[in-house]
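Asks: Using only what follows, build the 3D model:
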Amino acid sequence: MTQSLQTFRRAIGDAAELFQCYENMNAVPEQTPPNSLKKASLVLALTAWETYVEDVATELFQNKFSILKGSTVGNFVEKQFRDKLKQFNTPNSTKTQMLFREFFGFDVTEHWTLQHYIPKTAKLNWTILSS
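Replies: Here you go, the predicted model:
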């Protein structure tokens, strides 16, 4: 398991735990949980996803381009990659697809799965959710 996946699992677990607190409070009729708990869990989940995509891309970049490290070409490509990552906040399927196509030569969204969806539909649903 990659370091990025381990980090993602911890972060998404925190988001799920916070949302479960909201659900537990919501199950008690006398309590009205603050909506901020639900919103905070969504923010944590989206942040976990953004960090995961950036971490996976960074791991792939290091593996693919490590032989060029320190060279003029390597420095140029690394600067281009870092600049793209700085612009990558709030990643949607299109931004993610473009990053992986540009630097790694494949469409990562073709491999996405979402429970009960085929990859093409998973990509579409993620685009709608992240818009």
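Asks: ok, then the element right after the helix or strand hosting Asp14?
Replies: Asp14 is part of helix 3-26 when elements are defined by DSSP states H and E. Past helix 3-26, further along toward the C-terminus, the next helix or strand under DSSP H and E is helix 35-65.
Asks: Okay, buried residues for that next one please.
Replies: 37-38, 40-41, 44-45, 47-50, 52-57, 60-61, 65 (16 or more other Cβ atoms under 10 Å). Backbone N, C-alpha and C define where each C-beta goes, glycine included.
Asks: One more: stretch 83-101?
Replies: Applying 16+ other Cβ under 10 Å to stretch 83-101 flags Lys84, Leu85, Phe88, Pro91, Ser93, Lys95, Thr96, Gln97, Leu99, Phe100 as buried.
Asks: can you give me phi and psi for the residue of the chain positioned farthest from its centre?
Replies: Relative to the mean C-alpha coordinate of the chain, counting by Cα atoms, centre = their mean, the farthest residue is Glu30 (36.6 Å). For Glu30, the backbone dihedrals are phi -80, psi -10 (criterion: degrees, to the nearest 10).
Asks: Give me the below-cutoff pLDDT ranges for the chain.
Replies: For the chain, the stretches with pLDDT under 70 are 117-131.
Asks: Nearest the geometric middle of it, what residue?
Replies: Taking Cα atoms, centre = their mean, the chain has its central residue at Trp49, 2.5 Å away.
Asks: Output the helix or strand where Thr94 lies as PDB, restricted to C-alpha atoms.
Replies: Assigned by DSSP H and E, Thr94 belongs to helix 93-104. Output of helix 93-104 as PDB, limited to C-alpha atoms (Å, rounded to 0.1, in the frame of the first residue of the first chain):
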ATOM      1  CA  SER A  93     -12.600  15.000 -12.700                       C
ATOM      2  CA  THR A  94     -11.500  17.300 -15.600                       C
ATOM      3  CA  LYS A  95      -8.500  18.800 -13.700                       C
ATOM      4  CA  THR A  96      -7.500  15.400 -12.400                       C
ATOM      5  CA  GLN A  97      -7.800  13.900 -15.900                       C
ATOM      6  CA  MET A  98      -5.700  16.700 -17.400                       C
ATOM      7  CA  LEU A  99      -2.900  16.400 -14.800                       C
ATOM      8  CA  PHE A 100      -2.500  12.700 -15.200                       C
ATOM      9  CA  ARG A 101      -2.700  12.800 -19.000                       C
ATOM     10  CA  GLU A 102      -0.100  15.600 -19.200                       C
ATOM     11  CA  PHE A 103       2.500  14.200 -16.900                       C
ATOM     12  CA  PHE A 104       1.900  10.400 -17.000                       C
END
